[in-house]
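Novice: Turn this into a structure:
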Amino acid sequence: NLAQVLKDKGVKRESIVAIIAERSIEFVTGIIAIMKAGGAYLPIEPGYPDDRIRFMLEDSGADILLVQKKYSKNTDYGVDAIVIEDGVMCSHESSNSKSPITHDDLAYIMYTSGSTGNPKGAMIKHHNVVRLVKNTNYIEFKEGDRILQTGAVVFDAATFEIWGALLNGLRLYLVDEDVILDADRLGEALKDYGITTLWLTSPLFNQLSRQKPEIFKGLSNLLVGGDVLSPKNINIVRHICPDTRVINGYGPTENTTFSTCYTIDKGYEDSIPIGKPIANSTAYILGKGGAVNPVG
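Specialist: Next up is the predicted model:
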């Protein structure tokens, strides 16, 4: 129904639609609706300053903004704003027609901090997302797997979590931010929901592993990344949770979450490898001049 609302407002193939929401049912509903209408989604953190939000809307060319109801007090950004909440679109007549998008069309734009000061938007296509979570080799998505979303909606770990679940018929679980940051409460959530797959930033993993490393015992897959991994903390968790597969996931936003991955199968003292390119990807080792280096 929301997709039809967007189409009625002119959203078509590769239209950019921004969405201000936290990890929530509304966010997932919103991005699926945007895609079904043919558009590409632009996630915006609710806590961003107005100047940053305005810059992202103008820079991306978005002229429609979806806003989760709890953040809808200020929608004066010079674009058409639609408030999304549970059930709000139920009365709308939907034609259920899909837009003719292709694998080469935009799926989303995600802004990074940018090294020059202004944020920069990474443009990610549908085949980039599919390559991350389908027919891959760094992780096995099995029937019955359950993924807990820890990544913020503006951080591309959410691509792995949301689409890794939805495109493989798995369950995606959502909890509040304060649960993720608390070792005791996160441990309870992982156990209560039977979570099998979890992604954490390296700093947060370090913090949790120092406080309560045993919370990861029930996991099949624990992916850690976003920064250099600490061998000391990784070794602790591997020792206490021998049945948990720990994976170093490495890659920039522009390359859709993971470029290379490495299953950590032994203890390391100094540095942990970033591994090899994930399936359907290639990595090149370049010298200072930009030329491809020979083996070794």
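
Novice: Show the pLDDT at G267.
Specialist: pLDDT for G267: 96.

Novice: Run through the stretch 101-250 of the chain and note the low-pLDDT ranges.
Specialist: Where the stretch 101-250 of the chain drops to pLDDT under 70, the residues are 114-116.

Novice: which residues of it fall in strands?
Specialist: Along the stretch 101-250 of the chain, counting by DSSP state E, counting those that start in this stretch, strands occupy 106-112, 120-125, 146-148, 171-173, 197-201, 221-225, 245-250.

Novice: Just put those strands in CSV and tack on distance to I139 and mean neighbour count.
Specialist: Heads up, the C-betas are built off the backbone N, CA and C, glycines and all. Below are those laid out as CSV (distance: least, C-beta to C-beta, whole Å; neighbours: other C-beta atoms under 10 Å):
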stretch, distance to I139, mean neighbour count
strand 106-112, 20, 22
strand 120-125, 19, 18
strand 146-148, 10, 22
strand 171-173, 15, 17
strand 197-201, 7, 23
strand 221-225, 6, 23
strand 245-250, 7, 22
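
Novice: As CSV, these with distance to G10 would be great.
Specialist: As requested, the strands of the stretch 101-250 of the chain are arranged in CSV below (distance: least, C-beta to C-beta, whole Å):
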stretch, distance to G10
strand 106-112, 16
strand 120-125, 21
strand 146-148, 34
strand 171-173, 30
strand 197-201, 36
strand 221-225, 38
strand 245-250, 38
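
Novice: The ones you listed: which one's closest to S24?
Specialist: Nearest of these to S24, taken as C-beta to C-beta: strand 171-173 at 11.2 Å.

Novice: outside of that closest one, which residues touch it?
Specialist: 28, 145-149, 161-162, 165-166, 189, 193, 195 (C-beta atoms under 8 Å, 6 or more residues apart in numbering).

Novice: Please indicate which of the residues you listed has the highest neighbour count?
Specialist: For these, the largest number of neighbours (other C-beta atoms under 10 Å) sits with E161, at 26 neighbours.

Novice: That one contacts V153, doesn't it?
Specialist: No. Contact status for E161 versus V153: not in contact, 10.1 Å apart, counting by C-beta atoms under 8 Å.

Novice: Figure out the helix or strand that V5 lives in.
Specialist: Using DSSP states H and E, V5 falls within helix 2-8.

Novice: What residues of that helix count as buried?
Specialist: If you call a residue buried by 16 or more other C-beta atoms under 10 Å, then helix 2-8 has these buried ones: L2, A3, Q4, V5, L6, K7.

Novice: With stretch 128-144 instead?
Specialist: Neighbour-count burial for stretch 128-144 flags N128, V129, V130, R131, L132, V133, T136, Y138, I139, F141 (criterion: 16+ other C-beta under 10 Å).

Novice: now, which of those sits nearest L223?
Specialist: Taking C-beta to C-beta as the measure, L223 lies nearest I139 of the buried residues of stretch 128-144, at 7.4 Å.

Novice: could you pull out the helices for the stretch 51-200 of the chain?
Specialist: Applying DSSP state H, counting those that start in this stretch to the stretch 51-200 of the chain gives helices spanning 126-133, 157-166, 177-180, 183-192.

Novice: how about CSV for the ones you listed, with distance to A18 added?
Specialist: As requested, the helices of the stretch 51-200 of the chain are arranged in CSV below (distance: least, C-beta to C-beta, whole Å):
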stretch, distance to A18
helix 126-133, 18
helix 157-166, 15
helix 177-180, 21
helix 183-192, 30
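
Novice: Tell me which of those helices sits nearest to K73.
Specialist: helix 177-180 (19.9 Å).

Novice: send the alpha carbons of that closest one over as PDB?
Specialist: Output of helix 177-180 as PDB, limited to C-alpha atoms (Å, rounded to 0.1, in the frame of the first residue of the first chain):
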ATOM      1  CA  GLU A 177      19.800   0.600  21.200                       C
ATOM      2  CA  ASP A 178      20.300   0.300  25.000                       C
ATOM      3  CA  VAL A 179      19.900  -3.500  24.800                       C
ATOM      4  CA  ILE A 180      22.800  -3.700  22.200                       C
END
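
Novice: start the count at 635, not 1, going forward
Specialist: In the new numbering, first residue 635, that becomes helix 811-814.

Novice: and that helix, what other elements does it pack with?
Specialist: helix 817-826 (3 or more C-beta pairs under 8 Å, 6 or more residues apart in numbering; DSSP states H and E).

Novice: Can you point out the buried residues in stretch 707-715?
Specialist: Y711, A715.

Novice: can you give me the end-to-end distance of it?
Specialist: Taking C-alpha to C-alpha, to the nearest Å, the first and last residues of stretch 707-715 lie 11 Å apart.
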